[in-house]
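**Student:** Build me a structure from this.
(chains A, B, C, D, E, F, G, H, I, J, K and L)
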There are 12 protein chains.
Amino acid sequence: MTYGTGRTYKKVEIIGTSSAGLEAAVQQAVDRAQQSLDKLSWFEVLDIRGHIGNDGKIDEYQAVIKVAFELK
Amino acid sequence: MTYGTGRTYKKVEIIGTSSAGLEAAVQQAVDRAQQSLDKLSWFEVLDIRGHIGNDGKIDEYQAVIKVAFELK
Amino acid sequence: MTYGTGRTYKKVEIIGTSSAGLEAAVQQAVDRAQQSLDKLSWFEVLDIRGHIGNDGKIDEYQAVIKVAFELK
Amino acid sequence: MTYGTGRTYKKVEIIGTSSAGLEAAVQQAVDRAQQSLDKLSWFEVLDIRGHIGNDGKIDEYQAVIKVAFELK
Amino acid sequence: MTYGTGRTYKKVEIIGTSSAGLEAAVQQAVDRAQQSLDKLSWFEVLDIRGHIGNDGKIDEYQAVIKVAFELK
Amino acid sequence: MTYGTGRTYKKVEIIGTSSAGLEAAVQQAVDRAQQSLDKLSWFEVLDIRGHIGNDGKIDEYQAVIKVAFELK
Amino acid sequence: MTYGTGRTYKKVEIIGTSSAGLEAAVQQAVDRAQQSLDKLSWFEVLDIRGHIGNDGKIDEYQAVIKVAFELK
Amino acid sequence: MTYGTGRTYKKVEIIGTSSAGLEAAVQQAVDRAQQSLDKLSWFEVLDIRGHIGNDGKIDEYQAVIKVAFELK
Amino acid sequence: MTYGTGRTYKKVEIIGTSSAGLEAAVQQAVDRAQQSLDKLSWFEVLDIRGHIGNDGKIDEYQAVIKVAFELK
Amino acid sequence: MTYGTGRTYKKVEIIGTSSAGLEAAVQQAVDRAQQSLDKLSWFEVLDIRGHIGNDGKIDEYQAVIKVAFELK
Amino acid sequence: MTYGTGRTYKKVEIIGTSSAGLEAAVQQAVDRAQQSLDKLSWFEVLDIRGHIGNDGKIDEYQAVIKVAFELK
Amino acid sequence: MTYGTGRTYKKVEIIGTSSAGLEAAVQQAVDRAQQSLDKLSWFEVLDIRGHIGNDGKIDEYQAVIKVAFELK
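**Tutor:** Take a look at the predicted model:
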């Protein structure tokens, strides 16, 4: 990548969920987005949420992120 | 749907317009988005705007919303 | 376009970069988005950023914008 | 109520849901909050969301509001 | 209206109230603003609030909006 | 004032300054606005700023507020 | 208090009013909240507002604050 | 749970702390809130903060969250 | 101007448009506002938007600004 | 100071505390910042917080401010 | 530390990066800031971002934080 | 630069002014910051403001930006 050349990126909002924690939820979103979008470059976390199970334990993290990729 | 399984959702920003009011504008956005996206799960209203006609009456509501659907 | 008819728009987030300044970066984003999306109607600037070269001069403007187009 | 006297209010965040639309969802939240809180004075809408059914129609509005009441 | 010509708009913040609901409160603000301002072009909803009566029913919606009109 | 009747308010943004402190700066804004607007009903503080003199003391508070009044 | 031990706090939103100024309005909110909540630890000011009397003088400050206390 | 039925939820703001990291701090808040509130349904992370010990290591994460539960 | 004296300013929200770019759009708003308001002191840019013509080129910049002037 | 000349300012975030109230807390931050920074020009209040003592009285105001000074 | 005494803190914005996850990125920022600033007291997370490698895995977390320390 | 290695950046808030327009104001801030800080990597525009001269023309753009540089 060379700065100063005209490049274009697109950002898409994705939510990933995982019982394994915040970082696993982010990786889940990245993994799935990768299948239908071009090679992803970076992500930004917008919101962190989660679900609480009947036993009072957090049974799911939900990571609302934006992923960005270059439009070549 | 089972909490704790790895799921992924995508959110897309849509604007619907309607002369019939706010809720009709939201439904307009949902209806049209449904045609080109997968089955929608939920929506979030971001902004409510509208146009005012020559007679001083609101002749159009504009609902800026995000719609979300699961990436299966 | 007639107000009061049911219309639908979609907004997409794009980043354009240019060494020539802010407005060129916005136009870069619009030009490239135009290739894969329908005819664009308007844009909104979300963020203005840039890179600083080794000589201390701004060698790239980065315009984070949303572009909107009608879903016909 | 007389301005300038020392009064105190408390605000509580409530979500109401209704299939009948936004205003019914707000009223649902107000009705239920009324049962366990003191006499409510006003509300503020924070977020408007909703669920989309299998038929693509909005089957539920969700109104996130704050309700306020005086601590006498 | 032709895009690209130099035009100027002014935005003014108005609150309308109505016992009949949100849209009536917005129309109330538009109607009254119309009397002392030029022909209004559009509005944007900033905040939605309301008053709760002694019977626990919402007896007034308050719509905080901005109205815009061209400075010719 | 009776809730549920159609009323309309206008909000105007004013900055007042005073060497005597924050509350005096707010009152300065209210006093001056009162001269050219209708009877004011309430105010909301948006920003608090100030100037620092050569002796390192705050020599001026600046209160950015909105004042509201009924359009009768 | 020892950092690193598991502690839990709750925040509650309170509005205090006073004719004597901003700080008195905050103290009013704290005083009243203290009667029905546990020992308060700190507060955060969210909004500062007030009412303007018929003589054009501020006759009431309204401080919207959050108070926090430990859940032991 | 059936969408479209009138349900009501309440959100409460809680801070949990833990020396073990962010997720432990969130779980601490959820665990303690569970004791005095009804069965919790979900949480939203508002702020992430922490304390730094004399040895320059983070000795405590502080998670400011909202927890939500149904008012049945 | 002397700091510490009681002064009052008013801010008004204006939108200027121009095909010549962002700065021309800001100047357009300032020029027109100047005709009906007192001598303007400063401006703040709130939003930058624009229209895209049929040829895919930006044919209009829209600058949403606030202009401020002293109420003498 | 002459407008239109190229000048540069730096802003630094400071928190001042005082038992004497909000304005004393702001002045405390300004006084201390003055010792290690160049001559300060202005300040902006970002957040107002405080501590509540065992007797339920506010025993400390905390003013989070930005101070600005010219880089000559 | 005694509440009510005049104390002053400074906040500085730092970004730490780490391949090991979010908390390691925060600790990286704290560790490095410690070398050139006084003893740090607390941190606040402003933004969480990261880079995605060619294999589609997150190869770097970026934590944008503010660190605070007392100006003695 | 290699992603995944532990790096640290610092961000500093700077205001640059110029009679020549927005981009010149940003470059002014970058130029001056460069003299007393390490080699700058990027900037983010936070606010765009300006001064209006007696002739009604914008005689100064003020760019409030953050500049970032690596702490090596």
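**Student:** Neighbours of the residue in chain A positioned nearest to chain I, how many?
**Tutor:** Nearest residue of chain A to chain I: A:T8, at 13.6 Å (Cβ to the nearest Cβ). All C-beta atoms are positioned from the backbone trio N, CA, C, and that covers glycine. Per other Cβ atoms under 10 Å in any protein chain shown, the neighbour tally for A:T8 reads 19.
**Student:** Can you give me the pLDDT of it?
**Tutor:** A:T8 carries a pLDDT value of 97.
**Student:** for the one 5 residues further on, same thing?
**Tutor:** Among the per-residue scores, A:E13 shows a pLDDT of 98.
**Student:** Isn't A:S36 up against B:T8?
**Tutor:** No - counting by Cβ atoms under 8 Å, A:S36 stays clear of B:T8, with 10.0 Å between them.
**Student:** shared neighbours of the two, anything?
**Tutor:** Contact with both A:S36 and B:T8 is made by residues B:L71, according to Cβ atoms under 8 Å, 6 or more residues apart in numbering or on different chains.
**Student:** neighbouring contacts of the helix or strand of chain A with the lowest mean pLDDT?
**Tutor:** Scoring the helices and strands of chain A by mean pLDDT, DSSP states H and E places helix A:22-36 at the bottom, with a mean of 95. With contact meaning Cβ under 8 Å, 6+ apart, helix A:22-36 is reached by A:12, A:14-18, A:40, A:43, A:45, A:48, A:60-63, A:65, A:67, B:6-8, B:10, B:71, H:22-23, K:21-22, K:50, K:52, K:56-58, K:61.
**Student:** Send me it as PDB with only the CA atoms.
**Tutor:** Backbone C-alpha positions of helix A:22-36 (Å, rounded to 0.1, in the frame of the first residue of the first chain) are rendered in PDB as follows:
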ATOM      1  CA  LEU A  22     -15.700 -10.800  23.600                       C
ATOM      2  CA  GLU A  23     -12.700 -11.600  21.300                       C
ATOM      3  CA  ALA A  24     -14.200 -14.800  20.100                       C
ATOM      4  CA  ALA A  25     -17.400 -12.900  19.200                       C
ATOM      5  CA  VAL A  26     -15.300 -10.400  17.200                       C
ATOM      6  CA  GLN A  27     -13.400 -13.200  15.400                       C
ATOM      7  CA  GLN A  28     -16.800 -14.900  14.700                       C
ATOM      8  CA  ALA A  29     -18.000 -11.800  12.900                       C
ATOM      9  CA  VAL A  30     -14.700 -11.400  11.000                       C
ATOM     10  CA  ASP A  31     -14.700 -15.100   9.900                       C
ATOM     11  CA  ARG A  32     -18.200 -15.100   8.600                       C
ATOM     12  CA  ALA A  33     -17.900 -11.700   6.800                       C
ATOM     13  CA  GLN A  34     -14.700 -12.900   5.200                       C
ATOM     14  CA  GLN A  35     -16.700 -15.500   3.300                       C
ATOM     15  CA  SER A  36     -18.900 -13.100   1.400                       C
END
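**Student:** Determine how far that helix lies from the middle of the whole chain.
**Tutor:** Offset of helix A:22-36 from its chain centre (Cα atoms, centre = their mean, to the nearest Å): 5 Å.
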